[in-house]
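[1] With the input below, show me the fold.
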Amino acid sequence: MDRNSVKWWGPIPAIVTPFDDRGAIDERLLARNIDILMSKGATGIVIGGCTGEFWAMSMEERVALFRMGVKAMAGRGFVIAGSGAVRVEDAIALTRAAHDAGCDGGLVLPPYFVKLNDDEIFAHYEALSRAVDGPVMLYNIPGNAVNALSPALVRRLADLDCIVGVKESSGDWNNYYATAIAVQDRLRVFCGPSSVFGVPAVQAGADGVIDCFPNMWAPGCLDLYYAARDGKIEEARRLQETGVRLTTLFTSGGRTLYPATKAAMDMLGLPGGKLRPPLRPLSGEPLAGLRQGLIDLGLLAGDVPAARRTAA
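    Presented below is the predicted three-dimensional model:
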């Protein structure tokens, strides 16, 4: 397999996993979010990734989530499932389960927490490739996983049969661009922090963008891809500026990305659902600052209640 084995492209939201008041996955809100995103220009989704709080779910819940995503998508686009794990046995089981559930591929980050060298990371993916039949996208997010997939290591990993793409979420433009140069002839390359430099990534030939912001900023974050692809320079510049400002807003003033994403969805009446521990909902000044920031960006009307939970 290689990049030509799949047809993944375009703006792909990394969707939230909505939990209900009891802490269970809310399938109804999940389906509603997918409906909204597909209607606004998404080409597919990543389900159960970092934005999807995979680390707060059991293996059984993650597999159930894969099935829910495929059911809700109903053939309108592709579903890529976050199937990474520290133990290679678990990564294999989750990736097989994703393919069996009808997902179009697995998104697999390297083992996390324990610091590994490149040979150890390569061995993890090599064992995975020998054990699964469907396509896999590499996931480089060293800020969360500790272990980084350098451009040189991604070039090695591209030789493995199941690897067809890479989501480059290092947040480092130089690392992103070096990775693209190294493997774009063999792998589909997706820009992770499209809110920060998605426009230049698409202009440089990225196959698509994968980001959490479409959950609360659509079609804006989806249009960022299309504007860059279609040479609409001024629109692309404006959308990129908004993306950068949103990124700063969501990661400053006592806020972190995932709680801020769901809080913003609440304010906008979107189906974000609740968080799972260890995450906690925003409150006090971080919540008030988020609301004011969204108003300043023109994404929220000033008279909208600060924590309007969708009843849909």
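
[2] Would you mind giving the secondary structure of residue 242?
    Following DSSP: H, G, I helix; E, B strand; the rest coil, residue 242 is assigned to helix.

[3] pretty sure it is touching residue 297, no?
    Yes. Counting by C-beta atoms under 8 Å, residue 242 does reach residue 297; the two are 6.2 Å apart. Yep, even glycine has a C-beta here, placed from its N, CA and C like the rest.

[4] separation between the closest residue to residue 43 other than its chain neighbours and residue 300?
    Distance criterion C-beta to C-beta, 6 or more residues apart in numbering; nearest residue to residue 43, sequence neighbours excluded, is residue 10 at 3.5 Å. Distance, residue 10 to residue 300, using C-beta to C-beta, to the nearest Å: 27 Å.

[5] can you check residue 131 too?
    According to C-beta to C-beta, residue 131 and residue 300 sit 47 Å apart.

[6] who's more crowded, the two?
    The neighbour comparison of residue 131 against residue 300 (other C-beta atoms under 10 Å) goes to residue 300, with 19 against 15.

[7] who are the neighbours in contact with the residue nearest to the more buried one when sequence neighbours are not counted?
    Distances taken as C-beta to C-beta, 6+ apart place residue 294 nearest to residue 300, at 3.8 Å, with adjacent residues excluded. Residues counted as contacts of residue 294 (C-beta atoms under 8 Å, 6 or more residues apart in numbering) are 249, 264, 267-268, 300.

[8] Tell me the confidence at residue 294?
    We have a pLDDT of 98 for residue 294.

[9] so how far is residue 265 from it?
    Per C-beta to C-beta, residue 294 is found 11 Å from residue 265.

[10] With residue 236 instead?
    As judged by C-beta to C-beta, residue 236 and residue 265 stand 25 Å apart.

[11] do residue 246 as well
    According to C-beta to C-beta, residue 246 stands 13 Å off from residue 265.

[12] Identify the residue nearest residue 302 in space, chain neighbours excluded?
    Residue 302's closest residue in space is residue 295 (C-beta to C-beta, 6+ apart), at 5.2 Å.

[13] What of residue 143?
    Computed as C-beta to C-beta, 6+ apart, the closest residue to residue 143 that is not its neighbour in sequence is residue 171, at 6.6 Å.

[14] Next up, the contacts around that neighbour.
    Residue 171 is in contact with 143, 192-193, 196, counting by C-beta under 8 Å, 6+ apart.

[15] Just the buried subset of those residues, written out for PyMOL, thanks.
    In PyMOL syntax, the buried subset of the contacts of residue 171 is picked out as below (16 or more other C-beta atoms under 10 Å):
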select buried, resi 192+193+196
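
[16] Tell me which helix or strand residue 137 sits in.
    Following DSSP states H and E, one finds residue 137 within strand 136-140.

[17] chain center to that strand: distance?
    With C-alpha atoms, centre = their mean, to the nearest Å as the basis, strand 136-140 stands 11 Å off its chain's centre.

[18] Ok, stretch 14-31 next?
    Remark: stretch 14-31 is offset 16 Å from the chain centroid, using C-alpha atoms, centre = their mean.

[19] How far does it stretch from one end to the other?
    14 Å (C-alpha to C-alpha, to the nearest Å).

[20] can you check stretch 29-48 too?
    Note: stretch 29-48 ends 15 Å apart using C-alpha to C-alpha.
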